[in-house]
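Q: sequence plus the predicted model coming up.
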Amino acid sequence: MAEAVTSVFWDINLFPVPPGFDARLVRPCINWFLKSHGYSAPPTIYAVGILTDVHDDILEDLSSTGITLYYAPHGSTDIMSLMSRLISTSPPPANILGKCDPRGFPLPLSGYNIFRLFSYSSPKQDSILWGRSFLA
């Protein structure tokens, strides 16, 4: 599955770009993370959430790196819908990485590698890991 299509679904409201962090570096950090875990195909990255709650400069910087912005006013429900739509239109094998509430994940399907970045045991701890570890 390392060479399969990889899609990343990122809840930008739950895991915002940390203050002072250059939003243009989010994509390279995600690419590095995936490569360090053996995924070689360039990912399609979706920043999903209530985009009106995110500063325009951050959205412009993310968009300039090829991250797709997706307005999702209903949080996990919208993320699950977007993931399910991708699964229904993309044949396996495929990798799906979610940086979102675990309720946003569809049920595992044969031929799809669905994985999460964090344990999701503590939203506060996950937010710290996102800002300090993943984007470091």
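A: Great, that's in hand.
Q: what about P92, distance to T6?
A: P92 sits 13 Å away from T6, going by Cβ to Cβ, to the nearest Å. (Each C-beta comes from the backbone N, C-alpha and C, glycine too.)
Q: ok, the two, which is more surrounded?
A: Shown here are P92 and T6; by other Cβ atoms under 10 Å, T6 has more neighbours (22 against 14).
Q: from memory the more buried one sits against Y46, does it?
A: No - when contacts are counted by Cβ atoms under 8 Å, T6 is not listed as touching Y46 (11.7 Å).
Q: common neighbours of these two, please.
A: The overlap between the contact sets of T6 and Y46 (Cβ atoms under 8 Å, 6 or more residues apart in numbering) is empty.
Q: could you check how far Y71 is from G49?
A: Distance, Y71 to G49, using Cβ to Cβ: 8 Å.
Q: neighbour count winner among these two?
A: More neighbours surround G49 than the other of Y71 and G49, with 24 against 11 (other Cβ under 10 Å).
Q: which residues are in contact with the more buried one?
A: Here G49 is in contact with D11, I12, N13, L14, Y70, Y71, A72, G75 (Cβ under 8 Å, 6+ apart).
Q: need the max-distance pair from those residues.
A: Maximum pairwise distance in those, criterion Cβ to Cβ, is 15.0 Å, between L14 and Y71.
Q: next up, the contacts around N31.
A: Here N31 is in contact with P42, P43 (Cβ under 8 Å, 6+ apart).
Q: which other residues reach stretch 59-73?
A: Contacts of stretch 59-73 (Cβ under 8 Å, 6+ apart): 17, 22-24, 26-28, 44-52, 78-79, 82.
Q: what about 6 Å?
A: A23, R24, R27, I45, Y46, A47, V48, G49, I50, L51, D78 (Cβ atoms under 6 Å, 6 or more residues apart in numbering).
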